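Peer 1: How does the following fold in three dimensions:
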Amino acid sequence: MKPQSKKEAGLNRKQRDANVEAGEDEVTRGTRSLVIVPIISSRALARGKGAPERPFGAERSPQARLEEAVGLAAAIELEIVSSSLVRLANVKPGSLFGSGKVEEIRGQIEIEEIELVVVDHPLTPIQQRNLERDWNTKVIDRTGLILEIFGERAQTKEGRLQVELAHLTWQKSRLVRSWTHLERQRGGLGFVGGPGETQIEADRRIIQDRITLLKGQLEQVQRTRKLHRKQRKKVPHPVIAFVGYTNAGKSTLFNRMTNAEVFAKDLLFATLDPTLRRLKLPHGREVILSDTVGFISELPHNLVAAFRATLEEVIQADIVLHVRDIAHEDTKAQSLDVNETLEMLGLKVSESDRVIEVYNKIDKLDEAHREKLLESNSVDEGPISVSAISGDGIPDLLARIEARLAEQLDTVTMVLPHSDGQGHAWLYQHCEILSRDDVEDGIRLAVRVPDAHRSRVRERFAKYFVTGLELPEEPVSEEDDDTDDSGYSPI
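Peer 2: This next block holds a predicted model:
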């Protein structure tokens, strides 16, 4: 890169100063950026003054935190000029960093012509404002960076609504630094006029009105999703939801299993909007796979709340696949973050039998470790190890899904007459056929029966039962009629 002249550098500094004074919030691609990861010492945490109640990133190694912060910045194509760890012996309530460190970073910003500083730590509005004044450049914290990524990734109307709600909720508390036209408006009568409403109060009211509007629109989204789930329940297709830390390989695994073309890349938050696809399991049963947004450590609570409409698909799923990057050095800490987020949504992993842990990216491990993990797939319980790239372990994962779904079903054996072709077709369409043998009296079938069709099977096929679990008497609900979605009544 051609070095800038002093005149050009001075003009750039003036432009940055003008942007700060103008409250410019836009983060654009190619912005020259500095990534800083504060590491707070245990002594500062023990003192407690200015330090967070819960140590930020305490479960992770400093180098892993730095790599993740750089990955987040790269996700929106910032030009990362440099990145560094900054160890803090003391936490300053007004600026997070000490005065000496602030001056040191200011010098680096001027020398390297930095236009944006990313601090991988929560910043209060006051800390953010003070750092921007001291460094004469834009500063965003981890939450702000994640919101920028989500704002760029959202493609659907629903996704954009959820991102905007999260961003406005976060911004509402930061008018102290995000806006500059905050002088008091002139009010009253006379030549001078009395003190009127401050602009910050007017802006806060405007933002609150917009938040209220967005919440109303998202309530409609929730109602629509609820109707969609209700319609899906009429068809015996269980929902399998993918969850996991961002960049754990969920979308790649989703594509491998469904032959879909969901955008997948070695990039944090590569996919944001949920995707649903059908999948036929080895024994013929159809399920619906749902790919969801990735989680991350210290995920902002307002972001989780905004995306609740989407994440409800996870809570309502029949099976949840927790995909982990087993080759990552911080895979255990990432798993804890995912479990914590699921608990925020109301799904306690430790008490749920719907969660299957999937160890992904075993292709990045050494051969001995990889073979050992694949051998453990034969155990009925425990994690399933796979490689979304090579396809290793995928059959074991499908078998585990089938076995877990089978636990929710009744199994019956019947001999169906050859002449009952209509009943035979209905069983193949709505139940899972485990085995089929042609015998003298007809067709001998071992059938797994979903809960939604227990009454239908008992009433229609009970006279053909031979052995197996008897289906208990069950009242027929209003929705459990004999007409399928197409209006065709085969029974």
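Peer 1: For residue 466, which three-state class applies?
Peer 2: Following DSSP: H, G, I helix; E, B strand; the rest coil, residue 466 is assigned to strand.
Peer 1: so how far is residue 439 from it?
Peer 2: Distance of residue 466 to residue 439, given as C-beta to C-beta, to the nearest Å: 10 Å. For every residue, glycine as well, the C-beta is placed using N, CA and C.
Peer 1: same thing with residue 361?
Peer 2: Residue 361 is 48 Å from residue 439, by C-beta to C-beta.
Peer 1: repeat for residue 319
Peer 2: 35 Å.
Peer 1: Same question for residue 129.
Peer 2: From residue 129 over to residue 439 the distance is 81 Å, taken as C-beta to C-beta.
Peer 1: When residue 319 and residue 439 are compared, which one has more neighbours?
Peer 2: The residue with more neighbours, out of residue 319 and residue 439, is residue 319; 19 against 8, by other C-beta atoms under 10 Å.
Peer 1: Which neighbours do residue 466 and residue 439 have in common?
Peer 2: The contact sets of residue 466 and residue 439 overlap at residue 415 (C-beta atoms under 8 Å, 6 or more residues apart in numbering).
Peer 1: helix/strand/coil for residue 111?
Peer 2: Here residue 111 is recorded as helix under three-state DSSP.
Peer 1: For it, give me the pLDDT.
Peer 2: Residue 111 is assigned a pLDDT of 94 by the prediction.
Peer 1: What number of neighbouring residues does it come out with?
Peer 2: By other C-beta under 10 Å, neighbour count at residue 111 equals 9.
Peer 1: Look up which residues are beta-bridged to residue 433.
Peer 2: residue 447 (DSSP bridges).
Peer 1: err, residue 33, not the other one
Peer 2: Beta-bridge pairing for residue 33 (DSSP bridges): residue 80, residue 116.
Peer 1: check contacts around it.
Peer 2: Going by C-beta under 8 Å, 6+ apart, residue 33 touches 73, 78-81, 114-118.
Peer 1: Using a markdown table, lay out those together with pLDDT.
Peer 2: Formatted as a markdown table, the contacts of residue 33 follow (pLDDT from 0 to 100):
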| residue | pLDDT |
| --- | --- |
| 73 | 90 |
| 78 | 90 |
| 79 | 92 |
| 80 | 93 |
| 81 | 95 |
| 114 | 94 |
| 115 | 93 |
| 116 | 94 |
| 117 | 95 |
| 118 | 95 |
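Peer 1: for the residues you listed, which one is nearest residue 445?
Peer 2: Checking the contacts of residue 33 against residue 445 by C-beta to C-beta gives residue 73 as the nearest, at 58.0 Å.
Peer 1: Just confirm that closest one is within a helix.
Peer 2: Yes. Under three-state DSSP, residue 73 falls within a helix.
Peer 1: in the helix or strand hosting residue 209, what's buried?
Peer 2: Assigned by DSSP states H and E, residue 209 belongs to helix 199-233. For helix 199-233, the neighbour count (16 or more other C-beta atoms under 10 Å) marks 199, 203-204, 211, 214, 218, 221, 225 as buried.
Peer 1: mean confidence for it?
Peer 2: Helix 199-233 comes out with an average pLDDT of 80.
Peer 1: Over to stretch 240-251?
Peer 2: Per-residue scores along stretch 240-251 average to 89.
Peer 1: End to end on that stretch, go ahead and measure it.
Peer 2: End-to-end span of stretch 240-251 (C-alpha to C-alpha, to the nearest Å): 13 Å.
Peer 1: Can we start the residue count at 4 from this point?
Peer 2: Yep, numbering from 4; the last one is stretch 243-254 now.
Peer 1: How far off centre is that stretch?
Peer 2: Its chain's average C-alpha position is 8 Å from that of stretch 243-254, according to C-alpha atoms, centre = their mean, to the nearest Å.
Peer 1: what does stretch 127-138 give?
Peer 2: 30 Å.
Peer 1: cool, and stretch 102-113?
Peer 2: Distance, stretch centre to chain centre, for stretch 102-113: 36 Å (C-alpha atoms, centre = their mean).
Peer 1: Since that was my last question, I'll sign off now.
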